[in-house]
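[1] please find the sequence and the predicted model below.
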Amino acid sequence: MPKQVNGQKEDSIIQNDLSESFEEEVRAFLSDEEKLHLFDDLTKVNPVTMTTVLKCLQARYTVNLFYTNAGCSLVALNPFQPISCLYSPELMREYHVAVRPQDLKPHIFAVAEQTYRNVQSQIDPINQSIIVSGESGAGKTWTSRCLMKFYASVAASVTSPKDNETVERIEKRVLDSNPVMEAFGNACTLRNNNSSRFGKYIQLQLDRFHHLSSASIQTFLLEKTRVAYQAPNERNFHIFYQITKGATAEERLEWNLPEGADYRWLPNSERNLDEDCFEVTRDAMFHLGIDRSTQNNIFKVLSGLLHLGNIQFSNPLDESQPCELEDKIKDFVKITGDLLKIPVEELLESLRIRTITAGKQQQVFKKPCSRAECETRRDCLAKVIYAKLFEWLVSVINESIYADTSAWTSFIGLLDVYGFEAFPENNLEQLCINYANEKLQQHFVAHYLKAQQEEYAAEGLQWSFINYQDNQNCLDLIEGNPLSIFSLLNEECRLNRSSNPDLFQTRIEKALSDNQCLSRDKFSKKPNFIISHYAGEVCYQLEAMVEKNKDPIPPELIHVLQNSKDPLLQKLFPVTETNQNNVRTQNRAAVITVVSKFKGSLENLMQILNSTKPHYIRCIKPNADCKALTFKREEVLSQLQACGIVEAVTISAAGFPIRISFESFTERYEILRRSRGYNKNSVCGKSNYHTAKKKEISTAEKQIVSRMERYRDHQVPALGMQNTHAALP
Ligand SMILES: Nc1ncnc2c1ncn2[C@@H]1O[C@H](COP(=O)(O)OP(=O)(O)OP(=O)(O)O)[C@@H](O)[C@H]1O
Ligand SMILES: [Mg+2]
């Protein structure tokens, strides 16, 4: 029918008009360079596109504005150089006393203060969490530290001097947990000189007067392999450099650390970093209640690990004999044994001989290990000691900052968690990290959609939300029941058969082929699988993945550690009845895999987060070289994508992309009302726009504004007025 054809034609003309006018709007927006840095909320950039958003961020970065709101998140760009007064106590106060901190410049202190006020308001949910995310070197730990300082300052008690003393001690302890955790858990990597090799959630607990009363720390997935393996140009954990550089002459003698000695597990020690300061760590440990003698014990054990790393094995002439050791190496064995208080012979046996129990009579056989097996055992010994030591330190810190639940009524949780990772080669570690990010992304999208809907509802807007695609599919693939990558990995461990990566690849594909988030790199010779994460595709290598999930500890090693005369090792490896009586039982019971442990702790974390009001700080690394004040658009864009900001902005654009103040709106379109008279069907009638209670209007559809603009263009000359193409505010 001609009418229909005309209608279609008109529609396509309008469509063309619209896209042209949209591009024009983008151009017009970008041409006003002077104003770009003034947009302190990315969702209010008009029109919202990735180009306009990026340009605004760049313009702000250039004028030292590092923080920008993005709806309910804060984008934090790393300046990579200290910026004077950006975190001063005066600025903390300014945000703390402001009537409306959200009206001040976007800042982590605005988020912190808002969070604090939410607690004070006692409106459910009272407890709050701040989720700090971003890739390595983006500034998560820096941000978390600043937030902790903020609360230590604004939530400090101002009561009687005696109480004050106690509370100050708590604040100091809470802040002192940072250098200790960083000394033992951070390392210099290719991407960050002070890279956290674990995830951390700290709960700052407040009493009924909203003063800091205590805290608790939960950690995730320490990268313990770093103790025994450091990638080229990377370093071991900071603490090893601190002890070798900062020990006194007396300590050097006691810990057997002569100046200038070489340790295989201490690469790149010629590099001096700010993080190498031993004194800071020692003082902080002392304030946390770790006395000098316990500290001495810890450092002695760490020195033992450095010597352990120098032990190398040679193939024996006769294969039925244990691996051999050169004379020089025997010295390292002796020093290690002395420092760990383990008899040298026992230490050597645990590293070189495997005990096998077989047959109906449970006969015990001893079999020499191959050179490679000895090396694996040596590394495993170091890893298990270090991981236990780290765990113990966290528990000591927790004891030191702990208060009974009756002493606090609410909390603010800070999550400093590793961001999404995709390297050329990815394995179980990346799978766990990216799984955690999928979980957090799901939480973010759910929360963001909810926040947007609440905002629209509060403004009395009619709005049916777009059906947003969430990442449940991907999560089902990773952790779902009964079949998922995690369940298959765990099954491999349970069956305890020697793992064959090729067969495992087939098993995964067969079992999970229905899930569209799963694929494979068919051009790769190595067995692998690809997961389509919300932040992009990641290819995981299957080689050694099952073994990593098992993370086996030879029982002989545990046994030798339990027999150590060292007080610290005795604490870390207590003798329990089960493991004393039956090493085999203990070995079987130890099938709690890495992924099940990680999944458990993450589920626990998600439960806590779900019970709180979340706030998001997305840290962005503006260039990969950590160069001061350098903004690389491509790199920023990919991170905005990976942390869900692009999605947040997209959701915002799909909702009410244009937000014009009520005053500007009436001023601009009053002419239409005058020319056409008020008519409920007219484009500027009430049915076509939404009036917000707070005197702001949000237009439901971009088309309406475009049409109104066209009518206006038409009306202005018709009424003999001069047209101004001034952009809408
Ligand atoms: N706001 C800031 N002002 C100045 N420098 C900063 C700021 N934020 C971060 N930096 C610099 O960037 C470095 C890396 O930051 P940080 O260690 O917090 O990164 P991260 O996100 O925790 O990385 P990782 O995941 O590797 O632990 C810091 O050591 C510091 O030099
Ligand atoms: Mg960090």
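    Right, received. Where do you want to start? Numbers count the residues shown, from 1 in each chain. Ligands and ions are numbered 1, 2, ... in the order given.
[2] what about the chain, any weak spots by pLDDT?
    Using pLDDT under 70 as the threshold, the predicted model of the chain has low-confidence ranges 1-19, 157-168, 462-469, 577-591, 650-662, 673-729.
[3] show me it divided up by domain.
    1-31, 659-729 (automatic domain parsing).
[4] can you pull up the most central residue in this structure?
    By CA atoms, centre = their mean, the chain has its centre lying nearest to Val417, at 2.1 Å.
[5] now what about stretch 277-289, what contacts it?
    Contacts with stretch 277-289, where a contact means CB atoms under 8 Å, 6 or more residues apart in numbering, come from 172-173, 176-180, 183, 239, 242-243, 245-247, 292, 295, 396-397, 399-401. All C-beta atoms are positioned from the backbone trio N, CA, C, and that covers glycine.
[6] sort out for me which of these are in helices.
    When helices are assigned by DSSP state H, the members of these inside them are 172-173, 176-180, 183, 239, 242-243, 245-246, 292, 295, 396-397, 399-401.
[7] which residues of the stretch 1-150 of the chain lie near ligand 2?
    Counting by CB under 5 Å from the ion, the stretch 1-150 of the chain comes close to ligand 2 at Lys140, Thr141.
[8] closest point of the stretch 1-150 of the chain to ligand 2, which residue?
    Here the residue of the stretch 1-150 of the chain nearest ligand 2 is Thr141; by CB to the ion that distance is 3.2 Å.
[9] now do the phi/psi pair for that residue.
    The phi and psi values for Thr141, taken as degrees, to the nearest 10, are phi -70, psi -40.
[10] which residues touch it?
    Counting by CB under 8 Å, 6+ apart, Thr141 makes contact with Glu182, Asn186, Asn194, Ser196, Asp416.
[11] residue contacts, the third one?
    Asn194 makes contact with Thr141, Glu182, Asn186, Cys188, His238, Leu273, Glu275 under the criterion CB under 8 Å, 6+ apart.
[12] try 6 Å this time
    Taking CB atoms under 6 Å, 6 or more residues apart in numbering as the criterion, Asn194 is in contact with Asn186, Glu275.
[13] for it, give its distance to Pro554.
    34 Å (CB to CB, to the nearest Å).
[14] check the last one too.
    Computed as CB to CB, the Asp416 to Pro554 distance reads 34 Å.
[15] likewise for Lys439?
    Counting by CB to CB, the gap from Lys439 to Pro554 is 33 Å.
[16] before we move on, the earlier item: need the buried ones from the ones in helices among the contacts of stretch 277-289 selected in ChimeraX.
    Here is the ChimeraX command that selects only those of the ones in helices among the contacts of stretch 277-289 that count as buried (16 or more other CB atoms under 10 Å):
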select :173,176,177,178,179,180,183,239,242,243,246,397,400,401
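[17] so which of the ones in helices among the contacts of stretch 277-289 reach ligand 2?
    Filtered for proximity to ligand 2 (CB under 5 Å from the ion), the ones in helices among the contacts of stretch 277-289 leave an empty set.
[18] closest residue of the stretch 551-700 of the chain to ligand 1?
    In the stretch 551-700 of the chain, the residue found nearest to ligand 1 is Cys619; the distance is 5.5 Å by CB to the nearest ligand atom.
[19] now that residue, nearest residue through space, not along the chain?
    In space, not counting the residues next to it along the chain, Cys619 is nearest to Gly134; the distance is 3.2 Å by CB to CB, 6 or more residues apart in numbering.
[20] who are the neighbours in contact with the one you found?
    With contacts defined as CB under 6 Å, 6+ apart, the neighbours of Gly134 are Lys140, Gly419, Cys619.
[21] near ligand 1, which residues of the stretch 451-600 of the chain are found?
    Of all the residues in the stretch 451-600 of the chain, not one is in contact range of ligand 1 (CB under 6 Å from any ligand atom).
[22] strands of the stretch 451-600 of the chain, start to end?
    In the stretch 451-600 of the chain, the segments counted as strands under DSSP state E, counting those that start in this stretch are 518-519, 528-533, 536-541.
[23] tell me which of the ones you listed is the most buried.
    The densest packing among the strands of the stretch 451-600 of the chain, expressed as mean neighbour count by mean count of other CB atoms under 10 Å, is seen in strand 528-533 with a mean of 20.
[24] helices and strands around that one, which ones?
    Here strand 528-533 is seen to pack against strand 536-541 when contacts are counted using 3 or more CB pairs under 6 Å, 6 or more residues apart in numbering; DSSP states H and E.
[25] mind listing what's buried along stretch 253-267?
    Neighbour counts over stretch 253-267 (16+ other CB under 10 Å) mark Trp255, Asn256, Leu257, Tyr263, Trp265, Leu266, Pro267 as buried.
[26] what sits up against that stretch?
    Gln230, Asn236, Phe240, Thr244, Ala247, Phe299, Lys300, Ser303, Leu306, Gly309, Asn310, Ile335.
[27] kindly report the same for stretch 540-555.
    In contact with stretch 540-555 (CB under 6 Å, 6+ apart) are residues 377, 384, 425-428, 431, 489, 492-493, 499, 501, 504-505, 526-529, 583, 587, 593-595.
[28] now the helices: where do they sit in the stretch 451-600 of the chain?
    Under the criterion DSSP state H, counting those that start in this stretch, the stretch 451-600 of the chain carries helices at the ranges 472-479, 485-495, 501-512, 545-550, 555-562, 567-572, 577-581, 583-589, 594-610.
[29] okay, and Leu91 sits in which element?
    helix 89-97 (DSSP states H and E).
[30] OK, contacts around the residue nearest to Ala155 when sequence neighbours are not counted?
    Ranked by CB to CB, 6+ apart and with sequence neighbours excluded, the top spatial neighbour of Ala155 is Leu212, at 4.5 Å. With contact taken as CB under 6 Å, 6+ apart, Leu212 is in contact with Ala155, Glu171, Leu204.
[31] partners of Leu212 in the sheet?
    According to DSSP bridges, the partner residues bridging Leu212 are Leu206.
[32] I figured Lys300 hits Leu339, correct?
    Yes: look at Lys300 against Leu339 with CB atoms under 6 Å: they come within range, at 5.4 Å.
[33] now the residue nearest to the centre of the chain: closest residue in space, sequence neighbours ignored.
    Once flanking residues are discounted, Val417 sits nearest to Gly199: 4.5 Å by CB to CB, 6+ apart.
[34] in the sheet, who's paired with that neighbour?
    The residues paired with Gly199 through beta bridges, assigned by DSSP bridges, are Phe220.
[35] my guess is it meets Leu415, correct?
    No: with contact defined as CB under 6 Å, Gly199 and Leu415 do not form a contacting pair (7.8 Å).
[36] buried ones among the contacts of stretch 253-267?
    When those are checked against 16+ other CB under 10 Å, the ones flagged as buried are Gln230, Asn236, Phe240, Thr244, Ala247, Phe299, Lys300, Ser303, Leu306, Gly309, Asn310, Ile335.
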